[in-house]
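**Q** turn this into a structure:
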Amino acid sequence: MVEADDTLSADGAMAHIKSGKSLLWTGDFHNARQLMTALARRQERASNKRRRGASPRPSAQAILSTNASEAPDHSAARAFQTHRAAQARRAGLLSKVLVFCDADRTIPLRRAPDARVALNEAWGEPDGQPSIVPLSELQGMVGAHEWRVKGVEIGFLKARIHPHYGVFSPLRGEYIDLISTAPIPEAGQALAFDIGTGSGVVSAVLVSRGVARVIATDIEPRAVACAQDNLTRLGLASQVEVQCADLFPAGEAGLIVCNPPWLPAPANTPIEHAVYDPDSAMLKGFLAGLRQHLAPQGEGWLVLSDLAEHLGLRTRAQLLGWIEEAGLRVLGKLDTQPTHTKAANRADPLFEARSQEVTSLWRLAADES
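**A** Numbers count the residues shown, from 1 in each chain. From the prediction side, this is the model:
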């Protein structure tokens, strides 16, 4: 680790990092942010150069017209792997710029923000020790604090959900739309389970639709605290019990809802665990345990995007196979198109897959045949 200040150029910073050093920033805080931007641009140029040197990807029409007897095309999976590798290199590069925090979590740099509340929310109460943190992580904690204060407007609830640091933010509204319109089975009106509750938004929607009681679970203590906070804000805490548990609580319910991470790939950063589910572990676990916890005539709702299928990471046949192996049958499926900006951004490296994405609510029941 070497000290760095406003006199260090981006090229000089890159040279230090390439030689294996981290930079402890002692200069102006805003200049450190500008340095990070310059480093990110250099990394992006290098990634674009690698992409141009790779084999060209066939068009969507070429993929669709491929003879079924030919070997399957893996270009989408390669494009995704290239994209994720670039993201990992970027995260690794930017993590090398560090800032010092005093014992009370003040940042002793010129023009530094007061990030004490954001750090306390992410790390817990101060332990009386100074610390060093990557500037990229600090910015993430400050951004998370701003989202927590502002909240995310949920149209169906006519209220805001306030995500905590490290908890998935319900910015993509299509899955909320599906859960707010799917027909609730009679067996699920008394009790529902919300598996992997995160911010608690699904539980809030279910109660708002008339479900008398919900048990919400999450394996992450951060998410349990976040869900409890949001449900209390909404005046729903008496109807929703939030538990720290791996998937299912004890007992049975007439409706069990799960919106697992959609992409079966490793996470590059801790916050990405809400999006990436290595080897589809949570998805498989939900399907495997669903029948055991369904009350008679009950339904399980699996909310899942098919983006993984378009990226060559999972096939529809695999998903249907896991459903069948779990002793389940498909009662129906509600579909919706994505509304996020990336789906229409042709500059996005994964545009072709994103533009075909469909988010579905699969209505599942125990197979009694």
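**Q** beyond the host helix or strand of Phe100, next helix or strand please.
**A** For Phe100, the element it lies in under DSSP states H and E is strand 97-101. Moving toward the C-terminus from strand 97-101, the first helix or strand encountered (DSSP H and E) is helix 116-123.
**Q** which residues are contacting that next one?
**A** 101, 104-106, 126, 133, 138, 141-142, 144-145, 148, 164-166 (CB atoms under 8 Å, 6 or more residues apart in numbering). Where C-beta positions appear, they are placed from N, C-alpha and C, glycine not excepted.
**Q** swap in stretch 326-339?
**A** 172-174, 177-178, 181-182, 287-288, 290-291, 299-300, 305, 320, 323, 343, 354, 357-367, 369.
**Q** ok, of the residues you listed, which come out buried?
**A** In the contacts of stretch 326-339, burial by neighbour count holds for 173-174, 177-178, 182, 287, 290-291, 299-300, 305, 323, 343, 354, 357-366, counting by 16 or more other CB atoms under 10 Å.
**Q** which ones among these lie within helices?
**A** Glu174, Asp177, Leu178, Leu287, Leu290, Arg291, Ile323, Arg354 (DSSP state H).
**Q** and those residues, which two are the farthest apart?
**A** Across those, the longest distance by CB to CB is 33.1 Å; it joins Arg291 and Arg354.
**Q** mind listing the helices for this protein?
**A** Along the chain, counting by DSSP H, helices occupy 10-18, 29-53, 60-64, 75-94, 116-123, 135-150, 174-181, 201-208, 221-233, 281-293, 307-310, 316-325, 351-354.
**Q** can you pull the buried residues of stretch 20-33?
**A** So, applying 16+ other CB under 10 Å, buried residues of stretch 20-33: Leu23, Trp25, Gly27, Phe29, Asn31, Ala32.
**Q** end-to-end on that stretch?
**A** 21 Å (CA to CA, to the nearest Å).
**Q** what's next to that stretch, contact-wise?
**A** Counting by CB under 8 Å, 6+ apart, residues outside stretch 20-33 touching it are 1-8, 13, 16-17, 35, 96-100, 107, 109-113, 132, 135, 139.
**Q** which among those residues end up buried?
**A** For these, burial is judged from neighbour counts taken by 16+ other CB under 10 Å, and it is met by 4, 8, 13, 16-17, 35, 96-99, 107, 109, 112, 135, 139.
**Q** what's the closest of these to Asn230?
**A** Gln139 (24.1 Å).
**Q** may I ask which helix or strand of the protein has the lowest mean pLDDT?
**A** Ranking every helix and strand in the chain by mean pLDDT, DSSP states H and E puts helix 60-64 at the bottom, with a mean of 41.
**Q** low-scoring stretches of the stretch 1-150 of the chain, by residue?
**A** Residues of the stretch 1-150 of the chain meeting the criterion pLDDT under 70: 50-74.
**Q** at 50 what do you get?
**A** Across the stretch 1-150 of the chain, the stretches falling below the confidence threshold (pLDDT under 50) are 55-73.
**Q** can you flag the buried ones in the contacts of helix 116-123?
**A** Among these, those classed as buried by 16+ other CB under 10 Å are 101, 105, 126, 133, 138, 141-142, 144-145, 148, 164-166.
**Q** distance to Glu272 added to these, as CSV?
**A** Listed next are those as CSV, based on distance: CB to CB, whole Å:
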residue, distance to Glu272
Cys101, 24
Arg105, 25
Pro126, 27
Val133, 18
Leu138, 18
Met141, 15
Val142, 18
Ala144, 13
His145, 19
Arg148, 18
His164, 16
Tyr165, 13
Gly166, 10
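**Q** circling back to that earlier point, so which of the helices of the chain gets nearest Gly251?
**A** Comparing the helices of the chain under CB to CB, the one sitting nearest is helix 281-293, at 7.2 Å.
**Q** now that closest one - C-alpha only, PDB.
**A** What follows is helix 281-293 as a C-alpha-only set of coordinates in PDB (Å, rounded to 0.1, in the frame of the first residue of the first chain):
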ATOM      1  CA  ALA A 281     -29.200 -23.400  -5.400                       C
ATOM      2  CA  MET A 282     -32.100 -21.300  -3.900                       C
ATOM      3  CA  LEU A 283     -34.300 -22.100  -6.900                       C
ATOM      4  CA  LYS A 284     -33.700 -25.900  -6.600                       C
ATOM      5  CA  GLY A 285     -34.100 -25.700  -2.800                       C
ATOM      6  CA  PHE A 286     -37.400 -23.900  -3.100                       C
ATOM      7  CA  LEU A 287     -38.800 -26.400  -5.600                       C
ATOM      8  CA  ALA A 288     -37.500 -29.400  -3.700                       C
ATOM      9  CA  GLY A 289     -39.100 -28.400  -0.400                       C
ATOM     10  CA  LEU A 290     -42.300 -26.800  -1.700                       C
ATOM     11  CA  ARG A 291     -44.500 -29.900  -1.700                       C
ATOM     12  CA  GLN A 292     -43.700 -30.700   1.900                       C
ATOM     13  CA  HIS A 293     -44.900 -27.300   3.000                       C
END
